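Undergrad: can't give you the sequence, but here's the structure:
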C-alpha cells in the first residue's frame, strides 16, 4: 500500500479514536474540562475532514488498491 494512503488511514483512525474518547469522557468531566474536550473534538473533526478532502483528491488507484 502506498505510504501516503497508509499514513492518511492511520490519521483517520486517530481522529476517530479521539472523538470516541472525548465523547465518552465528556459527561464525566467538570465544566472547564468539558470545554477543553469540546475544543479537542472540533480539532479532531477538522483534521478528519482535511484527511477526507486529501483522499478525495488522490488518484483512485491509490484508494482502490489499498487493502481493507
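TA: Structure received. The structure presented is a predicted model; accordingly, all values stated were derived computationally and were not measured. Residues are numbered from 1 along each chain as shown.

Undergrad: rest of the way, CA atoms for contacts and neighbours
TA: Noted.

Undergrad: And the helices in the chain, which stretches?
TA: Listed in chain order, the helices of the chain (DSSP state H) span 3-25, 31-57, 60-64.

Undergrad: Now mean pLDDT and mean neighbour count too, for these, in CSV please.
TA: Below are the helices of the chain laid out as CSV (pLDDT from 0 to 100; neighbours: other CA atoms under 10 Å):
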stretch, mean pLDDT, mean neighbour count
helix 3-25, 92, 15
helix 31-57, 93, 15
helix 60-64, 62, 11
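
Undergrad: ok, now how distant is the residue most central in space within the chain from residue 44?
TA: Nearest residue to the geometric centre of the chain (CA atoms, centre = their mean): residue 15, 2.4 Å. Counting by CA to CA, to the nearest Å, the gap from residue 15 to residue 44 is 5 Å.

Undergrad: didn't residue 18 look like it was pressed against residue 42?
TA: No - the pair residue 18 / residue 42 is not scored as a contact, 10.3 Å apart, by CA atoms under 8 Å.

Undergrad: roughly how far out does stretch 8-26 sit from the chain middle?
TA: Distance of stretch 8-26 from its chain centroid, counting by CA atoms, centre = their mean, to the nearest Å, is 6 Å.

Undergrad: Touching it from outside, list them.
TA: With CA atoms under 8 Å, 6 or more residues apart in numbering as the test, stretch 8-26 has contacts from 34, 37, 38, 40, 41, 44, 45, 47, 48, 51, 55.

Undergrad: before we move on, what about stretch 31-38?
TA: So stretch 31-38 is contacted by 22, 26, 27 (CA under 8 Å, 6+ apart).

Undergrad: Now distance to residue 60 too, for the residues you listed, in TSV please.
TA: Output for these, formatted as TSV (distance: CA to CA, whole Å):
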residue	distance to residue 60
22	33
26	38
27	41
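
Undergrad: Show me which of the residues you listed is closest to residue 59.
TA: Of all the contacts of stretch 31-38, residue 59 sits closest to residue 22, with 33.1 Å by CA to CA.

Undergrad: From residue 4, how far out is that closest one?
TA: 27 Å.

Undergrad: Residue 16 now?
TA: Taken as CA to CA, the span from residue 16 to residue 4 is 18 Å.
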